[in-house]
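Visitor: Build me a model:
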Amino acid sequence: MNEPAETFQSILLGRLQGQGPGHYQTGTTMRNLIRSELEGATAVDAAPADLPDGVTPDGVRLDGDHVDAEIDLQQLAMALQQHRVDAFGSDDPRTMMATSYLAYSLAVADHLDGQLEWAHTLAEDAYEGIADAADDHAEHLGVHDLQIARLIRDWIARRLDEGDT
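Guide: Here you go, the predicted model:
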């Protein structure tokens, strides 16, 4: 058996024993296990990513109850943001909203030291771009985009102010 599948199996076993088979996260872990095996992720195919500069293994937090869902959310947010950059450019309001969603996904997870700060930078940049687009009455700006981006930015800023890292 390959290493990622063994890791997912260990996590699944812990979830089955600790949270029970009916718990949402148990099902998510099962989905990840199956995805790993179907996609042929092996130790050769799937090398772990390097940690960002300044982050040590002690600065990684993957022990929460919703880690799998948080990682899925981050991956989806990154894919959407990249798709919109490629399709519309980095200054388009649709891209800025995707950047705001990415900031949220990073902040809600906060798996790495510094991640909340990165999220804040993204949220601030996205909000400023969306606010500028709103001032210019730009096309492709959703009716709630500015408010959503502001709420995300403000929530992340409050977390930083409260020292919730």
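Visitor: Identify the residue nearest the spatially most central residue of the chain in space, chain neighbours excluded?
Guide: Nearest to the geometric centre of the chain sits Gln74, at 2.1 Å (Cα atoms, centre = their mean). Spatially, and ignoring its direct neighbours in sequence, Gln74 is nearest to Ser105 (4.5 Å; Cβ to Cβ, 6 or more residues apart in numbering). In short, each C-beta sits where N, CA and C put it, glycine included.
Visitor: before we move on, what about Ala157?
Guide: Leaving out its chain neighbours, the residue that sits closest to Ala157 by Cβ to Cβ, 6+ apart is His120, at 6.3 Å.
Visitor: Verify the contact between that neighbour and Asp154 for me.
Guide: No - when contacts are counted by Cβ atoms under 8 Å, His120 is not listed as touching Asp154 (10.4 Å).
Visitor: When these two are compared, which one has more neighbours?
Guide: Ranked by neighbour count (other Cβ atoms under 10 Å), His120 and Asp154 place His120 first, with 18 against 12.
Visitor: tell me the contacts of the more buried one?
Guide: 103, 107, 153, 156-157, 160 (Cβ atoms under 8 Å, 6 or more residues apart in numbering).
Visitor: Settle this for me: Ile130 is touching Gln147, isn't it.
Guide: No - between Ile130 and Gln147 there is no contact under Cβ under 8 Å: 9.7 Å.
Visitor: hey, what's in contact with both of the two?
Guide: In contact with both Ile130 and Gln147: no residue, using Cβ under 8 Å, 6+ apart.
Visitor: Between the two, tell me which one has more neighbours.
Guide: Legend: neighbour count by other Cβ under 10 Å for Ile130 and Gln147, higher for Ile130 (25 against 11).
Visitor: Now the more buried one: which helix or strand?
Guide: Here Ile130, judged by DSSP states H and E, is contained in helix 115-135.
Visitor: Give me the buried positions along the host helix or strand of Ile71.
Guide: Using DSSP H and E, Ile71 falls within helix 67-88. Under the neighbour-count criterion of 16 or more other Cβ atoms under 10 Å, helix 67-88 has 67-74, 77, 80-81, 84-85 buried.
Visitor: what's the lowest-pLDDT member of the contacts of His120?
Guide: On pLDDT alone, Ala107 ranks lowest of the contacts of His120, at 84.
Visitor: hang on, it packs against Gly114?
Guide: No - between Ala107 and Gly114 there is no contact under Cβ under 8 Å: 11.8 Å.
Visitor: Many thanks, we can stop here.
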